[in-house]
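*Asks:* Show me the folded form of this:
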Amino acid sequence: MALKDMNQAELSAFLDGCKAAYADYQAQDLKLDMSRGKPSPKQLDLSADLLNCLTAEDLKGMSGDYRNYGVLDGIPEAKALFAPMLGVEPDEVFMFGNASLQAMYFAISNAFSHGIMGSTPWCKLDKVKFLCPVPGYDRHFRITEYFGVEMINIPTTEDGPDMDLVEQYVNNDPAVKGIWCVPQYANPSGIVYSDETVKRFANLKPAAPDFRIFWDNAYCIHHLCDNPKMILPILDEAKKAGNPDIVYEFASTAKITFAGAGVSMLAASKANLADLTKALGTFTISFDKINQMRHVKFFDGKYENVVAHMEKQRAEMAPKFQVVLDTLNKEIRPLGIGEWTEPKGGYFVSFNAPNGTAKRIVQLCKEAGVVLTGAGAAFPYGKDPEDRNIRIAPSYPEVDELQKAMDLFVLCVKIAAAEQLLK
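*Replies:* Model (predicted):
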């Protein structure tokens, strides 16, 4: 029976039973963490050979001795290895350090201090606005919030952001300078942008000549199914549309090899890369070329080996996603007290609780020993206007721990929903 169809007496009895079960969980002194999409130790172990795969001879590469200075934009071997992952040519790639977040921050910072390709530095403008598809990635929003950017929520559908609204803002307001996008298995919803959505992005006609799409392709090969739906390559579509400079594309190996010691990359038009390289040449002499070569050697320089490695990652991740979805379908669907995505890849499940209950659910979980990402984190300024969205991150716990965490999670959803209905 749906919870909303219960009478007051039935709801009170239901809530009492849930609270008794909750007290049992509190007595167990649990310490489980689903707060971030961290790779598990077993996933990290898949890349253990990265630690001993190099010799000094390997470091005498195509562009010289990689133990020394130089090669600012990254070693050609790494560009050739990872360009297919992004759907670009090697000369459209700039290799950064261990995290793509670093590249995103740099691009925003440089736009504020020096402008983009000769535009007025953003710091000299009265207003800078960014579009933020929601729910979205909290660390994206943290960057633009740090720089004082006005962030505008853009609703999303199963095809991607509301493109009518995106076009309305971008094509008419010169203060709109960018949009955050996670196009393949979006964080946290797991949606994949449709071909039409990608093409509409490529064909935007920005009122601001320095508008950029921040295309964070973090999960582009993190599949959980056979024959996955793939997005169109945005740089190719932008060229076809006569907008070659409209996009910065980002990715990394943070969830492919070592989260704390991967390599990251920015792909863009040659004009964009030339513009950014002027600033990067004052920022550093080069990023870690030894780590770049370590990744090349680990994958034997072949992109098909990266794909094969991700099948091993899938074997670790898929059963965990199944635990989450099976538990939600069994415990929440019959009660009609939640909605959620069933992603075919990526790292998260996006759960929508009854309006006004997300903070309460997260609080109840924490008080019983399960840490979740804060309610509202998937929205700019940490403010979910409906207080309903919760990001579930299944990757880190072992399967048995995850099942226990999910059992507690659905119990907390039941408590919060029943409390709200009884009010």
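
*Asks:* Could you count how many residues lie near Ala20?
*Replies:* For Ala20, the number of neighbouring residues by other C-beta atoms under 10 Å comes to 9. Bear in mind the C-beta positions are built from the backbone N, C-alpha and C, glycine included.

*Asks:* pLDDT value on it, please?
*Replies:* According to the prediction, Ala20 has pLDDT 97.

*Asks:* Neighbouring strands of the helix or strand of the chain with the lowest mean pLDDT in the sheet, and parallel or not?
*Replies:* When the helices and strands of the chain are compared on mean pLDDT, DSSP states H and E, strand 32-34 comes out lowest with a mean of 89. Neighbouring strands of strand 32-34 in its sheet, by DSSP bridges, are strand 370-372 (parallel).

*Asks:* Name the next helix or strand following the partner strand along the chain.
*Replies:* Of the helices and strands lying after strand 370-372 in sequence (DSSP states H and E), the nearest is strand 389-392.

*Asks:* helices or strands next to the helix or strand containing Met293 in the packing?
*Replies:* Applying DSSP H and E as the criterion places Met293 in helix 289-298. When contacts are defined as 3 or more C-beta pairs under 8 Å, 6 or more residues apart in numbering; DSSP states H and E, helix 289-298 sits against helix 76-86.

*Asks:* and the helix it packs on, what does it pack onto?
*Replies:* strand 93-95, strand 247-252, strand 264-267, helix 289-298, helix 303-331.

*Asks:* average pLDDT across that helix?
*Replies:* On average, helix 76-86 scores 98.

*Asks:* quick one: it to strand 247-252, angle?
*Replies:* Here helix 76-86 runs at an angle of 110 degrees relative to strand 247-252 (axes from the mean of the first three to the mean of the last three C-alpha atoms, to 10 degrees).

*Asks:* For helix 76-86, output the C-alpha coordinates as CSV.
*Replies:* Provided in CSV are the C-alpha atoms of helix 76-86 (Å, rounded to 0.1, in the frame of the first residue of the first chain):
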residue,chain,number,x,y,z
PRO,A,76,52.7,13.0,-27.2
GLU,A,77,52.4,9.3,-26.2
ALA,A,78,49.8,10.3,-23.5
LYS,A,79,47.9,12.5,-25.9
ALA,A,80,47.7,9.7,-28.5
LEU,A,81,46.5,7.3,-25.8
PHE,A,82,43.7,9.4,-24.4
ALA,A,83,42.5,11.4,-27.4
PRO,A,84,40.2,8.6,-28.5
MET,A,85,38.5,8.6,-25.1
LEU,A,86,37.5,12.2,-25.7
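
*Asks:* how about the helices in the stretch 51-200 of the chain?
*Replies:* Taking DSSP state H, counting those that start in this stretch, the helices of the stretch 51-200 of the chain run over residues 76-86, 100-114, 138-146, 163-172, 195-202.

*Asks:* deepest of those, which one?
*Replies:* Stretch with highest mean neighbour count among the helices of the stretch 51-200 of the chain: helix 76-86 (a mean of 21; mean count of other C-beta atoms under 10 Å).

*Asks:* How about residues contacting it?
*Replies:* The contact list for helix 76-86 (C-beta atoms under 8 Å, 6 or more residues apart in numbering) reads 61-63, 73, 89-93, 95, 217, 220-221, 233, 235, 249, 251, 253, 263, 265, 267, 292-293, 295-296, 299, 301-303, 306.

*Asks:* In PyMOL, select just the buried ones from those residues.
*Replies:* A single PyMOL command selects the buried members of these (16 or more other C-beta atoms under 10 Å):
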select buried, resi 61+73+90+92+93+95+217+220+221+233+235+249+251+253+263+265+267+292+293+295+296+299+306
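
*Asks:* Low-confidence stretches in the stretch 201-350 of the chain?
*Replies:* For the stretch 201-350 of the chain, no stretch has pLDDT under 70.

*Asks:* Next, format the helices and strands packed on helix 76-86 as CSV and append distance to Tyr193.
*Replies:* As requested, the helices and strands packed on helix 76-86 are exported to CSV (distance: least, C-beta to C-beta, whole Å):
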stretch, distance to Tyr193
strand 93-95, 21
strand 247-252, 13
strand 264-267, 17
helix 289-298, 27
helix 303-331, 20
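
*Asks:* nearest to Ala377, of these?
*Replies:* Nearest to Ala377, of all the helices and strands packed on helix 76-86, is helix 303-331, at 17.8 Å by C-beta to C-beta.

*Asks:* by contact count, what packs against the closest one?
*Replies:* helix 41-45, helix 76-86, strand 349-352, helix 399-422.

*Asks:* Out of those, which is closest to Met317?
*Replies:* So among these, helix 41-45 is nearest, using C-beta to C-beta, at 7.6 Å.

*Asks:* follow-up on the earlier one: would you mind reformatting the helices of the stretch 51-200 of the chain (as CSV) and adding columns for distance to Thr373 while you're at it?
*Replies:* Below are those laid out as CSV (distance: least, C-beta to C-beta, whole Å):
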stretch, distance to Thr373
helix 76-86, 27
helix 100-114, 16
helix 138-146, 7
helix 163-172, 26
helix 195-202, 26
